[in-house]
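Sequence and predicted structure below; questions after.
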Amino acid sequence: MIEARDFHVFTKDGQAYLFLAQPVAVFKIDQDTRTILKRAERGEPLSGEFEERRWEEARTFMENYCRKAPAAKVLRAPEDIGEKVAGLYLFMSQECNLKCAYCYGDEGEYGQRGRMNEATLNRTFDTFFSGGEGKHFVTFFGGEPLMNFRTMKRTAELSERFRGEGKADVSLGIVTNGTFHNEEIAQFFRDHIDDVTFSLDGPEDLNDGQRTSKCGDSVYSSATENIRKFTVDGRFNWAFRTIVTRAGYDRVAEIYDHLESFKPGGIGVVNVDVPEDNPLYLDDHQYRRFIEQIVEINRKGLRSFIEGDQPVAFEYPFYILFYFISRSHALYHCNAGTNLLAVTAEGDVYPCHRFVGTDEFKMGNVGDPGLRESERYRAIRQRFVDATVDNREGCRDCWARYLCGGSCAKYSHARFGDIAPPVERHCLYIKTVIEEILPDIVAMVQSADTRQALMARLGTAVSRRYGSKGVEAARVS
Amino acid sequence: MEIEEIVFESLEGMCCGPRV
């Protein structure tokens, strides 16, 4: 029996579409069918024999399709979640030389100013990386992590030792404001860092309006000069992390264009996370305008991808394509609380960097004997294992749940005091992106020319990353 | 009723930096 949460109808440019959640499938449908299915989806009564008959016909089609379609691939089912902590945010420094207007970490100090020492670092590695579990990803975080360069260097030495002893293969990354650079740091990046995220909010007036330095210098000037030095020889992958506030809500395309001129590997743009009474907050109109621009930029990215370019903003078409091609279900927003954790400068363990300082989610300390078997650690971990979209109130009845994975647990907790209920703005964002971009993808898949170009480009993207293995994978199709 | 399936078969955790 198909339920209202298992299908969704929408219209784009006069064409009606039907989406089926379980098999991850999309169909073009006629307008009469759309009208009747929309009523059924909303739980509204049908009127007359024609509508009843059409609904019965559509319902039978949907149920038959769902029964015959291949089972969807669950990306990460609760029973698949192992004990390995694959990702770890290490708070090198809970100090910062900046005082960004929107900082959620209280100027990077999180209420507990300090720097991670060697003893805490050693305990962290012993706690999480001693199991011979292969690849792990460490992200130097803060505050500004380069304010504790000494412990960063020690982390690299420890990583080498653990690799040599067969305990762990640790890949190092960093999130930095880009204002610290000298030849020793640059060499360290070249030798030890695989992934870098530079925080920069776009053109100088926008960036320096919200990312300000405690000493009064221009952050933009210093950061961009250093970013060019750091990235000149391309020894690591790097991306921008960009916050859009009320000051820049209508300048998203300009922000992308500006950042793209630095030739990053990616640009991660998110709207500011501040209370409604904060002057940086985007009101509902501004937030919708922000989404419109993100959609348009990604739409442009999809077109230029087909034409052979390497667009930086192509992430949404890419991941929507992925879900439909592989018929996949996402049950979680991310791996927080289970395979991803954060360790503060003092060694306190939290589900991720955003929960740091929220006592309810402190899982223990790396100095605690038997930390990972402790009752508190297991209980908090289990809360995150249980938080699938099938269990989360507000997600379980949503048509987009398997393409979404739910909203960020921290955002939910900040809003509702509970990690389960989704944040409305996240829902609006993800549904808008799907309804706007999926029809573009459908048009490309249905046209022989663009379909062929799309497949060739995807094959190239895969092979570029995976070498001959990717080429073979692409050839199978 | 007109229903046309869009077939994708023939093509057969921006958080951390560019680790995708």
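Great, that's in hand.

what does the stretch 51-200 of chain A have sitting close to chain B?
A:54, A:57-58, A:61, A:65, A:76, A:87, A:137, A:139, A:173-175, A:195-197 (CB under 8 Å from any CB of the partner chain). For glycine as for every other residue, the C-beta is placed from the backbone atoms N, C-alpha and C.

same question, the stretch 201-350 of chain A
A:237-239, A:241, A:264-270, A:315, A:321, A:324-325, A:332, A:334-335, A:339-340.

Straight-line length of stretch A:334-345, end to end?
One end of stretch A:334-345 sits 23 Å from the other (CA to CA, to the nearest Å).

any idea of the mean pLDDT in it?
For stretch A:334-345, mean pLDDT rounds to 96.

so where is the stretch 301-450 of chain A shaky, pLDDT-wise?
The stretch 301-450 of chain A contains no residues with pLDDT under 70.

Could you list the low-pLDDT ranges of chain B?
For chain B (pLDDT under 70), the answer is B:9-12, B:14, B:17-20.

which residue ranges form the strands in it?
B:3-5 (DSSP state E).

mind checking how far A:K153 is from chain B?
As judged by CB to the nearest CB, to the nearest Å, A:K153 and chain B stand 19 Å apart.

and what of A:I294?
On the measure of CB to the nearest CB, A:I294 and chain B end up 11 Å apart.

Isn't that residue up against A:V433?
Yes: the criterion here is CB atoms under 8 Å, and A:I294 meets it with A:V433 at 7.3 Å.

any common contacting residues for the two?
A:Y316 (CB atoms under 8 Å, 6 or more residues apart in numbering or on different chains).

Type out the PyMOL command that picks the buried ones from the residues of the stretch 201-350 of chain A next to chain B.
Of those, the buried ones can be selected in PyMOL as follows, counting by 16 or more other CB atoms under 10 Å in any protein chain shown:
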select buried, chain A and resi 237+238+239+241+264+265+266+267+268+269+315+321+324+325+332+334+335+339+340
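
Quick check: strands, which of the residues of the stretch 201-350 of chain A next to chain B are part of them?
A:N237, A:W238, A:A239, A:R241, A:I267, A:G268, A:V269, A:V270, A:L340.

in chain A, what residue is nearest chain B?
Using CB to the nearest CB, the closest approach of chain A to chain B is made by A:G268 at 2.7 Å.

residue contacts, that residue?
A:T197, A:A239, A:F240, A:R241, A:T242, B:M14, B:C15.

where's the dip in pLDDT among those?
Out of these, that is B:M14, at 55.

which residue sits farthest out from the middle of chain A?
The C-alpha centroid of chain A is most remote from A:E49, which lies 47.0 Å away (CA atoms, centre = their mean).

Counting neighbours, which of the contacts of A:G268 comes out on top?
Neighbour tally across these (other CB atoms under 10 Å in any protein chain shown): the maximum, 28 neighbours, falls on A:F240.

I'd say it and A:I267 touch.
Yes: in terms of CB under 8 Å, A:F240 counts as a neighbour of A:I267; the distance is 4.8 Å.

which residues are common contacts for these two?
With CB under 8 Å, 6+ apart, A:F240 and A:I267 have common neighbours A:L259.

What number of residues are in the vicinity of A:E373?
The number of residues near A:E373, taken as other CB under 10 Å, comes to 8.

now it: how far from A:G82?
15 Å (CB to CB, to the nearest Å).

Quick check: which element contains the residue farthest from the centre of chain A?
Secondary-structure assignment from DSSP states H and E places A:E49 in helix A:48-68.

Quick check: what element follows that helix along the chain?
With DSSP H and E, the next secondary element past helix A:48-68 is strand A:73-74.

Looking at A:Y466 now. What's its pLDDT?
47.

I misspoke; the intended subject was A:Y89.
A:Y89 is given a pLDDT of 92.

A strand includes it, no?
Yes: assigned with DSSP: H, G, I helix; E, B strand; the rest coil, A:Y89 falls within a strand.

Quick one: residues contacting it.
So A:Y89 contacts A:T139, A:F141, A:L340, A:L341, A:A342, A:V343, A:C352, A:H353 (CB under 8 Å, 6+ apart).

residues near A:V175, how many?
23.

right, and it touches A:T139 too?
Yes: between A:V175 and A:T139 there is a contact under CB under 8 Å: 6.3 Å.

Span of stretch A:190-210 from start to end?
30 Å.

if I pick A:A156, what's in contact with it?
A:L172, A:F188, A:D191, A:H192.

Would you mind giving the secondary structure of it?
A:A156 - assigned by three-state DSSP - is helix.

Distance-wise, check it relative to A:Q452.
46 Å.

swap in A:E183?
49 Å.

out of those two, which sits in the busier spot?
Taking neighbours as other CB under 10 Å, A:E183 and A:Q452 compare with A:Q452 leading, 12 against 8.

neighbour-wise, which of the contacts of A:A156 leads?
Top of those by neighbour count (other CB under 10 Å): A:L172, with 23 neighbours.

Which strand or helix spans that residue?
strand A:169-176.

now the next helix or strand after that strand against strand A:169-176, angle please.
As assigned by DSSP H and E, the chain's next helix or strand after strand A:169-176 is helix A:183-192. Interaxial angle of helix A:183-192 relative to strand A:169-176 (axes from the mean of the first three to the mean of the last three CA atoms, to 10 degrees): 140 degrees.

Is it correct that B:I3 is in contact with A:T60?
No: in terms of CB under 8 Å, B:I3 does not count as a neighbour of A:T60; the distance is 11.3 Å.

For the strand holding A:L172, which outside residues touch it?
Outside strand A:169-176, the residues touching it (CB under 8 Å, 6+ apart) are A:129, A:134-142, A:144-146, A:152, A:155-156, A:159, A:162-163, A:189, A:192-199, A:241, B:16-17, B:19.

switch the cut-off to 6 Å
If you take CB atoms under 6 Å, 6 or more residues apart in numbering or on different chains as the criterion, strand A:169-176 is touched by A:134-141, A:145-146, A:159, A:163, A:192-197, B:17.

Please flag which of the residues you listed sit within helices.
A:S159, A:R163, A:H192 (DSSP state H).

Quick one: mean pLDDT for stretch A:270-284?
pLDDT averaged over stretch A:270-284 gives 93.

mind checking the backbone torsions on the closest residue to A:R154 other than its chain neighbours?
Leaving aside its chain neighbours, A:R154 sits nearest to A:E118 (5.5 Å; criterion: CB to CB, 6 or more residues apart in numbering or on different chains). Backbone torsions for A:E118, taken as degrees, to the nearest 10, come to phi -70, psi -40.

and A:E118, how many neighbours?
Count around A:E118 with other CB under 10 Å applied: 12.

what about A:T33, is that helix, strand or coil?
Per three-state DSSP, A:T33 ends up helix.

And the pLDDT at it?
Confidence score, pLDDT, at A:T33: 95.

wait, it sits on B:E4?
No: using CB atoms under 6 Å, A:T33 is not in contact with B:E4; the gap is 11.2 Å.

Of the two, which one has the most company?
A:T33 (21 against 13).

Look up the closest residue to the more buried one, ignoring the ones flanking it.
According to CB to CB, 6+ apart, the nearest residue to A:T33 is B:M1 (5.2 Å).

I appreciate the help and will end here.
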